[in-house]
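K.L.:
Provided below for reference: sequence and predicted model.
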2 protein chains.
Amino acid sequence: MSVQLSGASRLFPIIGDPIIYVESPASLTRTLTERGHEGVCVPMQVADGDLDAVMAGLTVTGNVDGILVTMPHKHAAFAYCVTSSDRARRLGAVSVIRRNSDGTWHGDMLDGLAFVKAQQDQGADIEGKRALLFGAGGAGSAIALALLDAGVGELVIHDTDEARADAVVELAGEDQRDRVSAGGDDPRGFDLVFNATPLGMDDNDPLPVDTALLESSTFVGDVIAGHGTTGLITAAQAAGCQTATGGHMVEAVQDLMADFLLGARR
Amino acid sequence: MSVQLSGASRLFPIIGDPIIYVESPASLTRTLTERGHEGVCVPMQVADGDLDAVMAGLTVTGNVDGILVTMPHKHAAFAYCVTSSDRARRLGAVSVIRRNSDGTWHGDMLDGLAFVKAQQDQGADIEGKRALLFGAGGAGSAIALALLDAGVGELVIHDTDEARADAVVELAGEDQRDRVSAGGDDPRGFDLVFNATPLGMDDNDPLPVDTALLESSTFVGDVIAGHGTTGLITAAQAAGCQTATGGHMVEAVQDLMADFLLGARR
């Protein structure tokens, strides 16, 4: 790709472990360039215990305007944000950070929003529909809140660790109790089936969903990106389902991230 | 320029203050790319007191393979190098740092070598010649040692602060005393006249050399880069002198830096 690199480049590092699979260095840099901004997204391989040192270094680096945060740092990075969005505070996690005018950090969590946008971009209706969400970890929590924000009619959350599913129901809040519950793993009868578990990152992973039970009218979305077409997406397409891949989510998040990262300086 | 940016990119930050004038983000990245290496040089704006925090962060970042060091950090960064070249130890300064196999840092100071190479690339003979060097700071010290290493016949060092010129003579060592001395600023009779002062970074700077005294047989070299053609180079060319600019030094240093930075992993 064609990048404007110079001493005046502004930096938007992405920090994670492992970092080699992330697509933002190419895709966010392209988006920033298309918007006429001399910004570069560079990968930084940062292990769990090293976040403090890296954040301290990036904070004092004058041309670091923002930071993208991926696993395993999304929760820990929240602590470095002096201000944050409502959804970031509810989740206690951030996926993007930008400078406040005094140089401190402001965080937001865009994963859920990007996932919902990817489904819609691929033709899914969310409003008023019944959704079954697999996985109640960091990604699952963010997606659950974003689906409720987008007006989903009913949301069932399944996790092999039932307590985690219950915790996300709790997180959704009192006023959502009629729409969201923890439940089983049978996808029949749902308009939307979503995978937010890590299953699919490894070729030997079992499928998160019993794909023999998928109905062709169900829309299937997956969070897994950077590992080719997942077994879930392949099976869903074979069953005649419409699908959205993790790659679609990565595409959807680029514009959201660029909006957020450049927003502070408009 | 066309850069391969991905999650697998290896990073070679350049740290300095101000950082916006440096050319290495474009030129070193191009050199690395031409050598088939997925490495990216990115600028980092790091103020004097913030070096500790930035070095701590970069040290634990797994895909940072090397660091370029520019003003004002060349002396301070030496302290982070567990091992270093002989010339870096003599100067107490580094311009480039790479990983040892155990992850610690190894430093070298390539400024003097690059300056000498730039003069030679532009047609200057060094061996056995008489040179007058203006400026006995960090750049001047490095250039003085490199000129002696390259076999200069006689080296006179001029600095408005005489003690600094004396210190570089001292640094050159006992066995060089017949070739190097501190002296005046009259360029007449010298084969080579070099500027290693900061004069020329600002358009309003006075010239470091009385250019009315320049002889057309004298070769004139300047360290100042990134600020257009300096007054010294313009005047020297008008006097019929052959010249080498700071831009030529920046060109010369790219290959030296790439050799050094990739050397550890061959």
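P.N.:
Ah, there it is.
K.L.:
tell me the average confidence for stretch A:154-169?
P.N.:
Throughout stretch A:154-169, pLDDT has a mean value of 97.
K.L.:
Ok, stretch A:87-96 next?
P.N.:
96.
K.L.:
cool, stretch A:196-204 as well?
P.N.:
Here stretch A:196-204 scores 91 as its mean pLDDT.
K.L.:
Any buried residues in that stretch, and which?
P.N.:
The neighbour-count criterion (16 or more other C-beta atoms under 10 Å in any protein chain shown) identifies A:196-197, A:199-200 as the buried residues of stretch A:196-204. Every C-beta, even on glycine, is put in place using the N, C-alpha and C of the backbone.
K.L.:
And for that stretch, what's in contact with it?
P.N.:
By C-beta atoms under 8 Å, 6 or more residues apart in numbering or on different chains, the list of residues contacting stretch A:196-204 from outside reads A:115, A:133-137, A:139-140, A:143, A:159, A:205-208, A:222-224, A:227, A:230-232.
K.L.:
Among these, the buried ones, what's the ChimeraX command?
P.N.:
Under the burial definition 16+ other C-beta under 10 Å, those of the contacts of stretch A:196-204 that qualify are selected in ChimeraX by:
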select /A:115,133,134,135,136,139,140,143,159,205,207,208,222,223,224,230,231,232
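K.L.:
Among the contacts of stretch A:196-204, which lie within helices?
P.N.:
Those of these mapping onto helices are A:115, A:139-140, A:143, A:231-232, per DSSP state H.
K.L.:
Keep only these that also lie close to chain B.
P.N.:
Of the residues in the ones in helices among the contacts of stretch A:196-204, proximity to chain B by C-beta under 8 Å from any C-beta of the partner chain holds for none.
K.L.:
Any chance of a markdown table for those, columns pLDDT?
P.N.:
Supplementary listing: the ones in helices among the contacts of stretch A:196-204 in a markdown table, determined by pLDDT from 0 to 100:
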| residue | pLDDT |
| --- | --- |
| A:F115 | 97 |
| A:A139 | 92 |
| A:G140 | 96 |
| A:I143 | 98 |
| A:G231 | 95 |
| A:L232 | 97 |
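K.L.:
TSV please, covering the residues you listed and showing distance to A:G107.
P.N.:
Shown next, in TSV, are these (distance: C-beta to C-beta, whole Å):
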residue	distance to A:G107
A:F115	18
A:A139	17
A:G140	19
A:I143	18
A:G231	34
A:L232	30
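K.L.:
Show the model's pLDDT score for the residue nearest in space to the middle of chain A.
P.N.:
Closest residue to the average C-alpha location of chain A: A:D111 at 2.4 Å, with C-alpha atoms, centre = their mean. Each residue has a pLDDT score; the one for A:D111 is 95.
K.L.:
which residues in the stretch 51-200 of chain A form strands?
P.N.:
Along the stretch 51-200 of chain A, the segments classed as strands by DSSP state E, counting those that start in this stretch run A:66-69, A:81-84, A:96-99, A:105-108, A:130-134, A:154-158, A:180-182, A:192-195.
K.L.:
JSON lines for those, including distance to chain B?
P.N.:
Compiled in JSON lines, these are given as follows (distance: least, C-beta to the nearest C-beta, whole Å):
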{"stretch": "strand A:66-69", "distance to chain B": "11"}
{"stretch": "strand A:81-84", "distance to chain B": "18"}
{"stretch": "strand A:96-99", "distance to chain B": "13"}
{"stretch": "strand A:105-108", "distance to chain B": "15"}
{"stretch": "strand A:130-134", "distance to chain B": "26"}
{"stretch": "strand A:154-158", "distance to chain B": "30"}
{"stretch": "strand A:180-182", "distance to chain B": "34"}
{"stretch": "strand A:192-195", "distance to chain B": "22"}
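K.L.:
dump the residue contacts of whichever residue of the stretch 151-266 of chain A sits closest to chain B.
P.N.:
With distances taken as C-beta to the nearest C-beta, the stretch 151-266 of chain A approaches chain B most closely at A:G226, which sits 7.8 Å away. If you count contacts by C-beta under 8 Å, 6+ apart, A:G226 has them with A:21-23, A:246-247, A:250, B:7.
K.L.:
How about A:V94?
P.N.:
For A:V94, the contacting residues are A:69, A:74, A:77-78, A:81, A:84, A:88, A:107-109, taking C-beta under 8 Å, 6+ apart as the criterion.
K.L.:
ok, the nearest residue to it once chain neighbours are set aside - how many residues close by?
P.N.:
With sequence-adjacent residues excluded and distances taken as C-beta to C-beta, 6 or more residues apart in numbering or on different chains, A:V94 is closest to A:G107, at 3.4 Å. Burial measure for A:G107: 25 neighbouring residues, criterion other C-beta atoms under 10 Å in any protein chain shown.
K.L.:
partner residues bridging A:G107?
P.N.:
With DSSP bridges as the criterion, A:G107 is bridged to A:S84, A:I97.
K.L.:
Identify the residues contacting stretch A:64-75?
P.N.:
The list of residues contacting stretch A:64-75 from outside it, by C-beta under 8 Å, 6+ apart, reads A:10-17, A:19, A:22, A:24, A:28, A:39, A:41, A:46, A:48, A:51, A:55, A:58, A:77, A:92-99, A:105, A:109, A:138, A:257, A:260-261, A:264-265, B:44.
K.L.:
give the contact list for A:V116.
P.N.:
Contact partners of A:V116, counting by C-beta under 8 Å, 6+ apart, are A:126, A:143, A:146-147, A:149-150.
K.L.:
Revised request: answer the last question for A:E34.
P.N.:
Per C-beta under 8 Å, 6+ apart, neighbours of A:E34: none.
K.L.:
A:V253 now?
P.N.:
A:V253 makes contact with A:110-111, A:114, A:117, according to C-beta under 8 Å, 6+ apart.
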